[in-house]
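*Asks:* Prediction below, plus the sequence it came from.
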Amino acid sequence: MDEQSSLLALFTSSFLAATLLPGGSEAVLVGVLLTYPELHWQALILATVGNTLGGMSSYLIGRFLPNEKTFLKKAGGSSRGLEWVRQHGTPILLLSWVPLIGDALCVAAGWLRANWLWAMLFIAVGKFARYWVIAVSIS
């Protein structure tokens, strides 16, 4: 696989991993960084942008959910994410990268009509920090 294809696969896996679909992008990031270490910053930025856009798609899903019962069904039957966003506001989205709860936090932020710019900022910072830790740990 060439550099362009590797970066496209990284972006795609990062986006899909942050949606309500199951998946992980960390292994793809590690593969790209080990194969093409010169793409360090490009890979980090693409993974972050893809994962942030995926998180924002979950946020948008939350915006369109009509009631709490529908929200709970989409969030896996737990109101924990909803309560955390109510209690902590958009800064809790720094944890949007955490498996199992991250998607629920993004959906909850959308459902609660949190400011989308702040939501996107905190999602991006949290996701970048996670990818940066992974990248530093293998270099």
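*Replies:* Cool, the structure landed. Residues are numbered from 1 along each chain as shown.
*Asks:* Please count neighbours and contacts with C-alpha atoms only from this point.
*Replies:* Will do.
*Asks:* any idea whether Pro99 is helix, strand or coil?
*Replies:* What DSSP: H, G, I helix; E, B strand; the rest coil gives for Pro99 is coil.
*Asks:* Roughly how far does it sit from Leu105?
*Replies:* Distance, Pro99 to Leu105, using Cα to Cα, to the nearest Å: 11 Å.
*Asks:* So if I had to pick from the two, which one is more boxed in?
*Replies:* Taking other Cα atoms under 10 Å, Pro99 and Leu105 do not tie; Leu105 has more neighbours (32 against 14).
*Asks:* Pull out the buried positions in the helix or strand hosting Ala135.
*Replies:* Secondary-structure assignment from DSSP states H and E places Ala135 in helix 116-138. For helix 116-138, burial by neighbour count (16 or more other Cα atoms under 10 Å) applies to 119-128, 130-132, 134-135.
*Asks:* Now do the helix or strand that contains Arg63: everything it contacts.
*Replies:* Using DSSP H and E, Arg63 maps to helix 40-64. The list of residues contacting helix 40-64 from outside it, by Cα atoms under 8 Å, 6 or more residues apart in numbering, reads 7, 10-20, 25, 29, 32-33, 71, 96, 103, 106-113, 120, 123-124, 127-128, 131-132, 135.
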